[in-house]
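1. predicted model follows, preceded by the sequence.
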Amino acid sequence: MTPAPDLWPAGFDERLADRARRGGPLLLFGPPGAGKTTLLLRVTERLRAAGWTCVYLDLMAAASSPDRFVTAALDVMPAESFGARLPEAVRIRRLASSGRAHEASAVEALFTLWASLPASGPRPVALLLDEATEIRSLAYFKGLREVHRPFLDALARRSGGTLLATSYPAQARRLWPELEAIEASPLGVADVAAVLERSGLRADAASLLAASGGRPRYVHVLLDGLRERRDVAETWADEMAAGGRLDLPCRHTYETLLLRSRGYGMSKAVLAAVAAEEGLNLTALVGRLGRTPGAVRDYLVWLVGVDALRMVKKRYFYVDPVLRAWVRLHGRGRPPLAAELRAAAQVMASSESAAPAEPPPVAGTRRDTLMEID
């Protein structure tokens, strides 16, 4: 298989690493497929090359229960770098495994350990925490209802070397309105054109951008198809068919967002209505769905809250345009016909498929892009 090309401009991850080194906690946000995890891993490589000890933890997997969270967090701290802290780590590990009465104390002790890790000097330590909002999974355990507060307080006591990521900026905004955030922005046409040139592929950059929504995950899929077909629309149609490499990640994202939202069944209906006709306001959606304005408003609030939808001037749009196309094609209880896939692909590969408006910035944060932070 051909190696995946770098989808960021030269120095993109280096600038992010520089910002992570020299300031307080920074949150990197973007929808699923925006390349956040890849960026965290690239930053890890950069920092290690500069002499940092890096601790990477994926909270999506780790934050299932207090004892598992603490154990996972201690396991990723390399013994060769933290030998002097071994007695403290052993104490915390024992505390976590000594029963429910001590779980909250173990989590708090871990946070204290994190806060004490040096961010300067001869052996600085970087904390890279993926899907940071998953810390709220621990809020259902005794003594941890407000766990997100001591979590950020501990990280804020560090003078640098702390980078977080999340696919759910609306939740992060509610939890930590003071946290500086920066977007893993969708690719632009110049970025896509550069990727095509480096890949040695001939295709229209604007079409590839529109068909992927600028998401690196989808760009990778389409690039692989272009190596065989050299046609964006044909590739998109083939990969959006049932079992294709666009279908599967879209299905996973759809299910994940619904599980995070509320009103599971009705939320499907709301997503279907917005997929069929973007830009509807509350009144129009009430007419489409046959529910009361209050009920429909609740579903919309929940779906905006998990970043499935966004509201622009009181009208509703998908955050992910490729997911919107998937819902229109696959959300009817039957696989799409080949003709339907081809028609949708032609629409997606045209510049008219671009989102109608910029998503609003994360409230209380800078509107920087990674290209502007130095």
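-> Arrived safely. Keep in mind that what you see is a predicted model, and the values were worked out from it rather than measured.
2. neighbours of the residue nearest to residue 278 when sequence neighbours are not counted, how many?
-> Closest residue in space to residue 278, ignoring its immediate chain neighbours: residue 317 at 5.0 Å, by Cβ to Cβ, 6 or more residues apart in numbering. To be clear about C-beta, it is placed using only N, CA and C from the backbone, and glycine gets the same treatment. Applying other Cβ atoms under 10 Å, we find 18 residues neighbouring residue 317.
3. give me the three-state assignment for residue 317.
-> Classification of residue 317 by DSSP: H, G, I helix; E, B strand; the rest coil places it in strand.
4. report how many residues lie close to residue 162.
-> With other Cβ under 10 Å as criterion, residue 162 counts 27.
5. quick one: contacts for the nearest residue to it once chain neighbours are set aside?
-> Using Cβ to Cβ, 6+ apart and skipping residues adjacent in sequence, the residue nearest residue 162 is residue 25, 4.3 Å away. Each residue near residue 25 by Cβ atoms under 8 Å, 6 or more residues apart in numbering is listed here: 152, 155, 156, 158, 162, 163, 164, 179, 180.
6. just checking, the residue nearest to residue 278 touches residue 277?
-> No. Under the criterion of Cβ atoms under 8 Å, residue 317 is not in contact with residue 277, lying 10.6 Å apart.
7. quick one on the thing from earlier: filter the contacts of residue 25 to the buried ones?
-> Neighbour-count burial (16 or more other Cβ atoms under 10 Å) is assigned, among the contacts of residue 25, to 152, 155, 158, 162, 163, 164, 179, 180.
8. any chance of these in JSON lines, plus distance to residue 303 and secondary structure?
-> Output for the buried ones among the contacts of residue 25, formatted as JSON lines (distance: Cβ to Cβ, whole Å; DSSP: H, G, I helix; E, B strand; the rest coil):
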{"residue": "152", "distance to residue 303": "26", "secondary structure": "helix"}
{"residue": "155", "distance to residue 303": "29", "secondary structure": "helix"}
{"residue": "158", "distance to residue 303": "35", "secondary structure": "coil"}
{"residue": "162", "distance to residue 303": "30", "secondary structure": "strand"}
{"residue": "163", "distance to residue 303": "28", "secondary structure": "strand"}
{"residue": "164", "distance to residue 303": "24", "secondary structure": "strand"}
{"residue": "179", "distance to residue 303": "23", "secondary structure": "coil"}
{"residue": "180", "distance to residue 303": "26", "secondary structure": "strand"}
